[in-house]
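>>> Generate a structure from the sequence data that follows.
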Amino acid sequence: MGLALMARGTRRGYGRPFTDCHQTWLVRGIRGKTGLHLDGTSDRLNLVFGLALFCFVGEFTTVVLWEEKMSTKDMKHEPLDISRRGFLKGVGAGAVATGLLQEVSEGAGVAEAAESKTLGPGAVPIKLNVNGKTRSLSVEPRVTLLDALRNRLDVTGPKKACDRGTCGACTVMLDGKVVYSCNVLAVEAEGKKIVTVEGLGTPEALSDMQEAFVKHDASQCGFCTPGFVVATTAFVRDNPGATLEEVRAGLGGNLCRCGTYAGITAATLEQAQKGGA
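Residues are numbered from 1 along each chain as shown. Here you go, the predicted model:
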């Protein structure tokens, strides 16, 4: 099994493959003449040499590398009518063309970056819609929505526990979708509706889900409770009539370190059977 290089050109007759069992390199199609024949020692040459030789020919459109069996007696070799100076000039032209293409590509990348909006590293002004109110603040692009809510806007319902998107204590709704606010950048939340536990009810006017949590004693230390209330509210809204198994699966993204899952699932199941929170 040998290796052969075939060049397909615009002229008729280009593209005849030649090879033998000694990995002999043959280049076919240069100016309509049989290519350069390198005998069995060509296995010491790398592919770069072969490709550089093809750079000398301008008519070629594709270069194909494949393996094929062929006997040496079926091959006829003719000398290549090309000087060393011509070969080096061809290689140089190929290198120049490659450099020009690279410059064009880099230039396009710079223009694209210039058109895109870059934020940071300093603080940038943003506006967040939190519980129906528009709040203005300036934050660095690296600041998470959780830190912006708690440290800049004094919205302390979402709790900072794991700070890596695993426990659910920081759960909020973003355009109605439940998310971990520690995994969302504040700049990403601009223009979206943010709802925290404070937006669901107040101590004077609890939501149905909050009342169900009180009824079923669904909290102990209370640190995870705000995230659970937000998550369960969204769950019963999207899954009215859910079963106990569905409730347990739906709340798998929130953790209670005190183990009050019995009360939480009971409160959620009650509201799901009522058709919503």
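>>> which ones are touching the residue nearest to residue 119 when sequence neighbours are not counted?
Closest residue in space to residue 119, ignoring its immediate chain neighbours: residue 141 at 4.5 Å, by Cβ to Cβ, 6 or more residues apart in numbering. (Glycine included, C-beta is placed from N, CA and C.) Each residue near residue 141 by Cβ atoms under 8 Å, 6 or more residues apart in numbering is listed here: 119-121, 124, 185, 187.
>>> what about the stretch 101-250 of the chain, any weak spots by pLDDT?
Residue ranges of the stretch 101-250 of the chain with pLDDT under 70: 101-117.
>>> cutoff 80 now
101-120 (pLDDT under 80).
>>> Tell me which stretches of it form helices.
145-147, 208-215, 225-238, 244-250 (DSSP state H, counting those that start in this stretch).
>>> Which of the ones you listed sits closest to residue 259?
helix 225-238 (12.7 Å; Cβ to Cβ).
>>> coming back round to it: mind telling me the two of the contacts of residue 141 farthest from one another?
121 and 185 (13.4 Å).
>>> Show me which of those two is the more surrounded one.
The residue with more neighbours, out of residue 121 and residue 185, is residue 185; 17 against 9, by other Cβ atoms under 10 Å.
>>> Could you tell me which residues make contact with the more buried one?
Shown in contact with residue 185 (Cβ under 8 Å, 6+ apart): 141-145.
>>> Can you select the buried ones from those residues in PyMOL?
The buried residues among the contacts of residue 185 can be selected in PyMOL (16 or more other Cβ atoms under 10 Å) with this line:
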select buried, resi 141+143+144+145
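>>> Adding distance to residue 175 as columns, could you present the contacts of residue 185 in JSON lines?
Compiled in JSON lines, the contacts of residue 185 are given as follows (distance: Cβ to Cβ, whole Å):
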{"residue": "141", "distance to residue 175": "20"}
{"residue": "142", "distance to residue 175": "22"}
{"residue": "143", "distance to residue 175": "20"}
{"residue": "144", "distance to residue 175": "17"}
{"residue": "145", "distance to residue 175": "13"}
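>>> Distance of residue 235 relative to residue 139?
30 Å (Cβ to Cβ, to the nearest Å).
>>> Contacts only, for the residue nearest to residue 175 when sequence neighbours are not counted.
Closest residue to residue 175 apart from its sequence neighbours, by Cβ to Cβ, 6+ apart: residue 192 at 4.8 Å. By Cβ under 8 Å, 6+ apart, residue 192 lies in contact with 129, 174-175.
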